[in-house]
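>>> pasted the sequence and its predicted model underneath.
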Number of protein chains: 2
Amino acid sequence: MAGDGSATTTAEPPPRHQVLLLRPFPFVSAYEEAFRSKFEPLKPSESNEPLHSFLITHAQSVKALICSAMKPLPAATLRCLPSLELVVTSSAGVDHIDLEECRSRGIVVANAGDSYSVDVADYAVGLLLDVLRKVSAGDRYVRGGLWAVKGNYPLGSKVGARRVGMVGLGSIGSEIAKRMEAFGCHISYNSKNRKPSVSYPYFSSVHELAIDSDVLIVCCALTEETYHLIARDVLLALGKNGVLINVGRGALVDEKELVQCLVRGEIGGAGLDVMEDEPNVPKELYELDNVVLSPHKAVFTNESFSNLHELILGNLEAYFSNKPLLSSVI
Amino acid sequence: MAGDGSATTTAEPPPRHQVLLLRPFPFVSAYEEAFRSKFEPLKPSESNEPLHSFLITHAQSVKALICSAMKPLPAATLRCLPSLELVVTSSAGVDHIDLEECRSRGIVVANAGDSYSVDVADYAVGLLLDVLRKVSAGDRYVRGGLWAVKGNYPLGSKVGARRVGMVGLGSIGSEIAKRMEAFGCHISYNSKNRKPSVSYPYFSSVHELAIDSDVLIVCCALTEETYHLIARDVLLALGKNGVLINVGRGALVDEKELVQCLVRGEIGGAGLDVMEDEPNVPKELYELDNVVLSPHKAVFTNESFSNLHELILGNLEAYFSNKPLLSSVI
């Protein structure tokens, strides 16, 4: 055919920018080859150098890094990297990043956008169904060989007609509300401001929302204002049959108070994908059958995995081509 | 006030019919006083006599009994009770009752009606979310103290856009389908006949449905025709990423083949509220993290409890007042 053979010109390989990977990211490892074809990954986790010394070694050349919500990115770390221009986090939340330091230095930040909202929403509903209907606890009962020995397991509680209070009604909260409506639940919400396009009842106070709810689902961003938003008074207002679901951040809830309320039976149950001091979980919770514990995995599924990898790569490529970030935070 | 005092006439207490309780029913115990005010419960479980001898003792007087799906009611038991006229089961399904024997003797049968469909539907969705998103397995991981030691737990699978094949689209199946649509799933179904009022794609063969589905949810009645409906060929058609949910009856699935498919990874996972030889569960399943095991409790919640008690009482009262049963089967 015409042109055969003539098309094989040797293209100049594009320059590969260094990208610091602050943790071993599974989505980078899974697509290592694709990543390496465009960027040079720097992995302190695979180096014999201590992190601080590793950062000093690469201080002048590193313009971009990838981090996750699993580990803070404090000013101290950022200050080791004077050439840093771009932080890409694999999370939707950015509370683990010292945004003040980034702002003052003009470092731009990209996150995982809201394309994972449906996964979080699905998981939040899964946790709620589990707590109300005792799915995990029932599974534990059967696996422990108790069904044949001790007979029926205690019944769960009905899902329908529950008053579900959304703490946060962003993209995640809206997806959760849509699902819970299909179960016949009544939705209301608390957020910083009333949303004019939403017809659910609005509560400006989370305490008032808790008084009017059988279930609270926490899915707002963690900021200075929302730190320990779910305090003891909110939990007591939720009451002894009330259920708390947290798929936001651990520190949105005063965990010490939550544990006490659960142990004393002052609230009915909880489904927790996030903890204040992850991956450490208060041991008291291990003994409770009305609690479902989850290792911070609401946000992802296998199917989201390659999407996230593409978004991370896309943000890096956009930045180094002077194009707008795909999911810019600051 | 006019008439004060004059209204206190002594009414003749109505005759109390004997009702045989073939098992200790929690919903009867909880409302024992209300039950005793109308009927005389006969409880073989509280007698020192062996069951057979207990039945013989009361053979001539027992006109009604209450049974559950947890224990068969075979012809042999029915034949011990020549005066029996009414069987009330606390279950929606009636496959545990020898209906042939009942029919031939003119014994009428009442079940739990379909007022529990929403509880079963909620639970089926809970099981599916659990299997896909590994909720119970994640809880086990955290409680085992592994999160802090071994790090992230493997991701689950996305719920949305799944092709959910309903095996049975009665009141339970319809409620499940409604919920799964809110998650963005695509519904199709198999049943004895196409339902003219339903727009979901219909498959007359469950094997064809399995080929076209990522998830099969089994919620049809167990009959001679549906025994082992989910056979090896159906499981293989569902495939190695496919998920089976069973909230119907254990014997709808060829359990031996199911266990083999799960152990060999020939299907992706299962959520099982019912087993073929309840409460005995094949031990191989205890080791599998892609399986959620549940002690046959989809059908009830605490809130359904008093409703069921009222329905059972209502059926007994209706029968002994020569009124139509509230939830007649035959």
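Now that the structure is in, tell me what you want to look at.
>>> tell me how far residue A:106 lies from chain B.
Per Cβ to the nearest Cβ, to the nearest Å, residue A:106 is found 33 Å from chain B. The C-beta positions use only the backbone N, C-alpha and C, and glycine is treated the same way.
>>> now that residue. Nearest residue, chain neighbours left out?
Once flanking residues are discounted, residue A:106 sits nearest to residue A:85: 7.6 Å by Cβ to Cβ, 6 or more residues apart in numbering or on different chains.
>>> same check on residue A:69?
Closest to residue A:69 by Cβ to Cβ, 6+ apart is residue A:91, at 3.6 Å.
>>> my guess is the one you found meets residue A:111, correct?
Yes - between residue A:91 and residue A:111 a contact is recorded at 6.3 Å, counting by Cβ atoms under 8 Å.
>>> what's in contact with stretch A:270-289?
Here stretch A:270-289 makes contact (Cβ atoms under 8 Å, 6 or more residues apart in numbering or on different chains) with A:70, A:123-124, A:127-128, A:130-131, A:134, A:137, A:140, A:243-251, A:253, A:255, A:258-259, A:262-263, A:290-298, B:142-143, B:147-148, B:151.
>>> just the buried residues of these.
Buried by 16 or more other Cβ atoms under 10 Å in any protein chain shown: A:70, A:123-124, A:127-128, A:130-131, A:134, A:137, A:140, A:243-251, A:253, A:255, A:258-259, A:262, A:290-298, B:142-143, B:147, out of these.
>>> so which of those sit within helices?
When the buried ones among the contacts of stretch A:270-289 are checked against helices (DSSP state H), the matches are A:123-124, A:127-128, A:130-131, A:137, A:140, A:255, A:258-259, A:262, B:142-143, B:147.
>>> tell me which two of these sit farthest apart.
The distance between the two most remote of those (Cβ to Cβ) is 22.9 Å, for A:140 and A:255.
>>> sorry, back to before: test my guess that the residue nearest to residue A:106 contacts residue A:316.
No - Residue A:85 sits out of contact with residue A:316 when judged by Cβ under 8 Å, with a separation of 11.1 Å.
>>> neighbour count for these two, which is higher?
residue A:316 (23 against 15; other Cβ atoms under 10 Å in any protein chain shown).
>>> can you give me the buried ones in the helix or strand where the more buried one lies?
For residue A:316, the host element (DSSP states H and E) is helix A:302-320. Neighbour counts over helix A:302-320 (16+ other Cβ under 10 Å) mark A:304-305, A:307-309, A:311-316, A:318-320 as buried.
>>> output those as JSON lines; include the columns pLDDT.
Shown next, in JSON lines, are these (pLDDT from 0 to 100):
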{"residue": "A:304", "pLDDT": "82"}
{"residue": "A:305", "pLDDT": "78"}
{"residue": "A:307", "pLDDT": "81"}
{"residue": "A:308", "pLDDT": "83"}
{"residue": "A:309", "pLDDT": "85"}
{"residue": "A:311", "pLDDT": "91"}
{"residue": "A:312", "pLDDT": "91"}
{"residue": "A:313", "pLDDT": "92"}
{"residue": "A:314", "pLDDT": "93"}
{"residue": "A:315", "pLDDT": "96"}
{"residue": "A:316", "pLDDT": "96"}
{"residue": "A:318", "pLDDT": "96"}
{"residue": "A:319", "pLDDT": "97"}
{"residue": "A:320", "pLDDT": "95"}
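>>> what subset of those residues is also close to chain B?
Contacts with chain B within the buried residues of helix A:302-320, counted by Cβ under 8 Å from any Cβ of the partner chain: A:304, A:305.
>>> low-confidence stretches in chain A?
For chain A, the stretches with pLDDT under 70 are A:1-14, A:26-28, A:115.
>>> tell me how far stretch A:289-297 lies from the chain's centre.
14 Å (Cα atoms, centre = their mean, to the nearest Å).
>>> ditto for stretch A:293-301
On Cα atoms, centre = their mean, the centre of stretch A:293-301 falls 8 Å from that of its chain.
>>> then it to CSV, C-alphas only?
What follows is stretch A:293-301, C-alpha atoms only, in CSV (Å, rounded to 0.1, in the frame of the first residue of the first chain):
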residue,chain,number,x,y,z
LEU,A,293,-16.2,-1.0,60.4
SER,A,294,-14.7,-0.3,57.0
PRO,A,295,-11.0,0.3,56.0
HIS,A,296,-11.6,3.7,54.1
LYS,A,297,-12.6,2.2,50.8
ALA,A,298,-16.0,3.7,50.0
VAL,A,299,-14.4,6.0,47.4
PHE,A,300,-13.0,3.4,45.0
THR,A,301,-13.9,0.3,43.0
